[in-house]
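Novice: Got a predicted structure plus its sequence, pasted below:
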Amino acid sequence: MQDEINNTRNAFEKDLALVTDAKLLENVRVKYLGRKGIISELMGKLPALDSKAKPVIGKELNLLKGHIQKELEKKKEKLSLSASVKERLVDITMPGILPREGRLHPITKTLNEINDIFISLGFKIVEGPEIEKEFYNFEALNIPLDHPSRDAFDTFYIKEDVLLRSHTSTVQIRIMEKTKPPIQAIMPGRVYRPDAVDASHSFMFHQVEGLMVDKDIKFSDLKGLLDLFTKRMFGEKTKTRFRPSFFPFTEPSAEVDISCIICRGKGCRVCSHTGWLEILGAGMVNPRVFEAVGYPSGAFTGLAFGMGVERIAMLKYGIDDIRLFFENDIRFLKQF
Ligand code: DAH
């Protein structure tokens with residue numbers, strides 16, 4: 001009997017060593033501790049022993065049973081621990097997933113560059129509403145209802161008298177209504193026009209308006225300022241040219257060209273073989289505008305200008321279709 005107990009103990013140790021999962025563990029438990037298992041089979045032999053051996057062997061058997069129970073319990077804990085470790089296992093040799101990095105939209109980048117140049121010259125940034133009253137988009141800027149130049153700034157009406165602004169010149173009026181000169185501000189923002197969309201037109205685009213008003217602002221200030229701006233924006237070698245033009249809110253008015261940044265003025269396809277590229281409108285603030293905002297007659301002079309941000313971005317980056325800015329095609333956007 002003593003031998004049987006010893007053999008059982010050895011057999012159990014061997015069986016236990018082979019257990020690698022919960023199912024095998026259960027098999028071992030049943031084999032030794034089950035109702036018809038080895039331990040209960042040995043217990044069944046106890047009554048046949050003589051009265052001297054019975055308590056000794058009985059004690060031995062109970063010890064073995066306790067031992068088996070304890071060992072099974074320990075193994076069970078070990079198994080569940082290693083299962084959770086396996087769950088948390090990370091394969092450090094696997095290549096990582098590169099996060100996609102966001103970047104600024106080319107229009108935002110260009111806008112920031114324009115803003116930075118003017119901020120460095122002492123200009124403040126002022127924003128105005130995109131939903132505007134007719135007065136700010138037209139009348140105050142000396143564009144009367146029946147004036148033909150109103151067509152050029154035609155826009156989307158929300159209701160009578162309320163519209164989506166067709167240019168940022170509206171903000172000039174809003175600033176002057178609230179502030180007395182000296183004024184030195186740029187006004188970036190979105191504008192809207194009912195144009196059919198094509199490679200160079202969009203129903204929405206961005207402008208940056210500029211305004212300086214003081215006692216003695218001259219046309220030469222306008223020329224010097226815009227020449228400096230274009231050189232910083234497009235490079236030191238860039239030349240500027242002022243052509244006489246017409247805007248109701250400036251007098252005199254000019255259209256400003258830069259020497260073609262592709263051919264450096266020699267003439268190419270981009271500049272239609274003229275050597276020049278138009279980039280903005282400008283002029284001296286029309287006294288009628290000062291009148292509309294209630295400034296005393298003759299007290300101030302001012303310069304103003306307005307540029308299209310998409311146009312500047314297209315020239316700077318060599319983009320030939322304005323629609324690319326608004327289609328959200330990642331292949332295009334990730335190049336900036
Ligand atoms: N508002 C004009 C436009 O949208 C641009 C412009 C021209 C603005 C001359 C000005 C200016 O301030 O002086 O076409």
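Specialist: Nice, thanks for sending it over.
Novice: contacts and neighbour counts: CA atoms only from here.
Specialist: Will do.
Novice: Now Leu303: which helix or strand?
Specialist: strand 301-308 (DSSP states H and E).
Novice: Would you mind listing what in the stretch 151-300 of the chain touches the ligand?
Specialist: 167, 169, 209, 247, 250, 281-283 (C-alpha under 6 Å from any ligand atom).
Novice: can you tell me if the strand holding Leu303 touches the ligand.
Specialist: Yes - interface with the ligand: strand 301-308 contributes 304-306 (C-alpha under 6 Å from any ligand atom).
Novice: Closest one to Leu98 out of those, please.
Specialist: Ranked by distance to Leu98 (C-alpha to C-alpha), the residues of strand 301-308 next to the ligand are led by Gly306 at 42.0 Å.
Novice: what sits against that closest one?
Specialist: Gly306 makes contacts with 168-169, 207-210, 280-282, as judged by C-alpha atoms under 8 Å, 6 or more residues apart in numbering.
Novice: quick one, domains of the protein?
Specialist: 2-88, 106-333 (automatic domain parsing).
Novice: Any idea how far apart the tips of the first one sit?
Specialist: Domain 2-88 stretches 46 Å from its first residue to its last (C-alpha to C-alpha, to the nearest Å).
Novice: same thing with the longest one?
Specialist: Its first and final residues considered, domain 106-333 spans 7 Å by C-alpha to C-alpha.
Novice: How is Phe246 assigned, secondary-structure-wise?
Specialist: strand (DSSP: H, G, I helix; E, B strand; the rest coil).
Novice: That one reaches Met284, doesn't it?
Specialist: No - counting by C-alpha atoms under 8 Å, Met284 is not a contact partner of Phe246; they are 11.2 Å apart.
Novice: For these two, list the residues in contact with both.
Specialist: Common neighbours of Phe246 and Met284 (C-alpha under 8 Å, 6+ apart) are 252-253.
Novice: Turn the domains of the chain into JSON lines, columns for mean pLDDT.
Specialist: Conversion of the domains of the chain to JSON lines gives the following (pLDDT from 0 to 100):
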{"stretch": "domain 2-88", "mean pLDDT": "90"}
{"stretch": "domain 106-333", "mean pLDDT": "94"}
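Novice: Most tightly packed of the ones you listed?
Specialist: Among the domains of the chain, domain 106-333 has the highest mean neighbour count (mean count of other C-alpha atoms under 10 Å), at a mean of 18.
Novice: Show me how far it is from its chain's centre.
Specialist: 26 Å (C-alpha atoms, centre = their mean, to the nearest Å).
Novice: Quick one: end-to-end distance for stretch 311-327.
Specialist: End-to-end distance (C-alpha to C-alpha), stretch 311-327: 17 Å.
Novice: outside of it, which residues touch it?
Specialist: With contacts defined as C-alpha under 8 Å, 6+ apart, stretch 311-327 is touched by 106-107, 110, 197-202, 234, 261, 279, 310, 332-333.
Novice: Sort out which one of those lies nearest the ligand for me.
Specialist: Nearest to the ligand out of the contacts of stretch 311-327 is Ile279 (C-alpha to the nearest ligand atom; 10.2 Å).
Novice: Pop out the phi and psi values for that closest one.
Specialist: The phi/psi pair for Ile279 (degrees, to the nearest 10) reads phi -120, psi -20.
Novice: Is it in contact with Asp257, as I believe?
Specialist: Yes - if you go by C-alpha under 8 Å, Ile279 and Asp257 touch, sitting 5.6 Å apart.
Novice: Distance check, Pro106 against Asp216.
Specialist: 37 Å.
Novice: ugh, typo on my part, it should be Cys268
Specialist: 40 Å.
Novice: show me where this structure has helices.
Specialist: Applying DSSP state H to the chain gives helices spanning 2-17, 22-33, 38-45, 53-87, 106-120, 134-137, 169-178, 219-234, 287-292, 309-317, 330-333.
Novice: how about the ones you listed in JSON lines, adding distance to Ile97?
Specialist: Output for the helices of the chain, formatted as JSON lines (distance: least, C-alpha to C-alpha, whole Å):
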{"stretch": "helix 2-17", "distance to Ile97": "41"}
{"stretch": "helix 22-33", "distance to Ile97": "36"}
{"stretch": "helix 38-45", "distance to Ile97": "56"}
{"stretch": "helix 53-87", "distance to Ile97": "20"}
{"stretch": "helix 106-120", "distance to Ile97": "26"}
{"stretch": "helix 134-137", "distance to Ile97": "51"}
{"stretch": "helix 169-178", "distance to Ile97": "47"}
{"stretch": "helix 219-234", "distance to Ile97": "38"}
{"stretch": "helix 287-292", "distance to Ile97": "58"}
{"stretch": "helix 309-317", "distance to Ile97": "31"}
{"stretch": "helix 330-333", "distance to Ile97": "19"}
